[in-house]
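1. Let me see the structure of the following:
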Amino acid sequence: MKAKKKFRVRVMKYAHFLYERTQNAWSICLLKAWELYRLAKKMRKGVVKFAFQKIDGTTRYAFGTLQHLPVGATHKSKQPQFKTFAYYDIEKQDMRCFRVENLITVY
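-> As a prediction, the model looks like this:
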């Protein structure tokens, strides 16, 4: 598959998962999926501040990146996961993740 079209597939998979999980309107799920894509794109270039809702209901403000990860920080999975979003937390100095439906905003 061409690299040019891969990002659209990823966005649509996020949108479908969000639609099934939240039962929100398709347009809302698509907007959230594009926001997740843009978050990942920004993280590949540097540190990004964003907020998400933790499982206990509190809001977590995080500084994360996907650039220059330490050796052994990630694990290779055979299939990409669209349920969670993994990132390297600058403050905790460790890999973290959150559920994609819990993303609040990107600063």
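
2. ok, the spatially closest residue to Asn24 that is not a sequence neighbour to Trp34 distance?
-> Closest residue to Asn24 apart from its sequence neighbours, by CB to CB, 6 or more residues apart in numbering: Leu18 at 7.1 Å. In short, each C-beta sits where N, CA and C put it, glycine included. Distance, Leu18 to Trp34, by CB to CB, to the nearest Å: 11 Å.

3. Which one of these two is surrounded by more residues?
-> Under the neighbour definition other CB atoms under 10 Å, Leu18 and Trp34 were set side by side, and Leu18 has more, 24 against 14.

4. Now do the contacts for the more buried one.
-> By CB atoms under 8 Å, 6 or more residues apart in numbering, the contact set of Leu18 is Asn24, Cys29, Lys32, Ala33, Val100, Glu101.

5. likewise Lys42?
-> Neighbour list for Lys42: Val48, Val106 [criterion: CB under 8 Å, 6+ apart].
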